[in-house]
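[1] Would you be able to build a 3D model of this:
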Amino acid sequence: MSGRLGRSLGLDLLGGRICSMDCVYCEVGATRDLTCERKPYVPAADIIEELARWKEEGLNDPDMVTLGGLGEPCLNSEMGLVIIEARKLFPNTPVAVLTNASLMTDPEVRRELALADVVLPSLDSLVPDEFAKVNRPCKGISPAAVADGLLAFRKEFKGKIFLEILLAEGINDSDENLGRLKDFCKRLAPDRVDVVTLTRPGTVKGVRPVDGAVLSRWRLALESGDTPAATRQASDGKAMSTERTPAAVAASLSRRPQTVAQLAQALNADPEKVRQAVEALEKRGEIISRDDQGEIFYHGTGHVIEY
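    Numbering: from 1, shown residues only. The predicted structure follows:
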């Protein structure tokens, strides 16, 4: 379950933490392969085969098929084919792509992204030193180039753009950044702007969320579209069965650390069933718990947090 996209069926196009950025707040862990090289990290045929098997199980169609994963999906050079084939399997389901927008400087990437129905790019700062500090991108990626790529894409894309800006305290929450992003949003005219902050531990210890007053001020200045992100609710869906809960919990925790409450919301599952699944998985050594300032987060054994 996604707060922005409803019951979203996620497709991992990387198969690992491969990204063009190593953001300090990333919930899936530190980037293991920092690169801008495009290649078929996971072949489109493998992804579509798995997607077809999922459909054959006879489950309800999702509200959205979402390309994302453990890194930057635009790095997969077969992304366009995945979108085309996913649309054939789910002709009545919109296709969305989550992206850090770093590769939108490439016209071919923009052409492939334009095959989707919804694109959710992020742009956390237009101040160069802030951008470098919060996103830690590959050499040669600049906020100005990313912004220009997004503006070019806006002219070419007929679907919806949901821009996300994530704020980290003392890193990219400056008034200068707010002013630059406000001007940029007027030029981009996205269908929606979501201003968010950290809700789970990132990859670098000590990176903190901004307080409510800062978040409210930024949202008031930047957010547009329908219901504000702070109050937007996920669409209703059929609750997850007891049998499927442990596997779904383990899969979700392999991607990002979460509390029991966050897991229950993300999976549209009963909190008590999730708690039982978490306890069983931890007992078997399949997941690990850690205390982050009084909140217990669980994560897969392969998830890396920098200290």
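
[2] I'd assumed Glu286 was in contact with Ala250.
    Yes: applying Cβ atoms under 8 Å, one finds Ala250 in contact with Glu286, separated by 5.9 Å. Every C-beta, even on glycine, is put in place using the N, C-alpha and C of the backbone.

[3] list residues touching both of these two?
    Contact criterion Cβ atoms under 8 Å, 6 or more residues apart in numbering; residues shared by Ala250 and Glu286: Gly300.

[4] So which of the two has more stuff around it?
    Set side by side, Ala250 and Glu286 show more neighbours around Ala250, with 18 against 15, by other Cβ atoms under 10 Å.

[5] so where does the more buried one fall, helix or strand?
    If you go by DSSP states H and E, Ala250 is part of helix 245-253.

[6] buried stuff in that helix?
    Thr245, Pro246, Ala248, Val249, Ala250, Ser252, Leu253 (16 or more other Cβ atoms under 10 Å).

[7] who touches it?
    Contacts for helix 245-253 (Cβ under 8 Å, 6+ apart): 240, 258, 263, 266-267, 269-270, 273-274, 276-278, 280-281, 286-287, 298-300, 303.

[8] Please name the bridge partners of the residue nearest the centre of the chain.
    The centroid of the chain falls nearest to Leu98 when counting by Cα atoms, centre = their mean (5.5 Å). For Leu98, the beta-bridge partners are Leu120 (DSSP bridges).

[9] is it true that it touches Thr66?
    Yes: Leu98 is within contact range of Thr66, at 6.4 Å (criterion: Cβ under 8 Å).

[10] And the helices in the stretch 151-300 of the chain?
    Using DSSP state H, counting those that start in this stretch, the helices found in the stretch 151-300 of the chain span residues 175-188, 212-222, 245-253, 260-267, 271-283.

[11] Out of the ones you listed, the one nearest Ser122 is which?
    Closest to Ser122 of those, according to Cβ to Cβ: helix 175-188, at 11.6 Å.

[12] Report all helices and strands that the strand of greatest length in the chain contacts.
    Secondary structure of the chain per DSSP state E: the longest strand is strand 160-167. Judged by 3 or more Cβ pairs under 8 Å, 6 or more residues apart in numbering; DSSP states H and E, strand 160-167 is in contact with strand 118-121, helix 175-188, strand 192-197, helix 212-222.

[13] Direction-wise, compare that strand with strand 192-197 and give the angle.
    20 degrees (axes from the mean of the first three to the mean of the last three Cα atoms, to 10 degrees).

[14] From the chain's centroid, how far away is strand 160-167?
    10 Å (Cα atoms, centre = their mean, to the nearest Å).

[15] CA atoms only: put that strand into CSV for me.
    What follows is strand 160-167, C-alpha atoms only, in CSV (Å, rounded to 0.1, in the frame of the first residue of the first chain):
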residue,chain,number,x,y,z
LYS,A,160,1.0,13.4,-14.4
ILE,A,161,4.1,14.5,-12.5
PHE,A,162,4.1,14.2,-8.7
LEU,A,163,7.2,16.0,-7.5
GLU,A,164,8.6,15.0,-4.1
ILE,A,165,10.9,17.1,-1.9
LEU,A,166,12.4,15.5,1.2
LEU,A,167,13.8,17.8,3.9
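
[16] That concludes my questions; thank you for your assistance.
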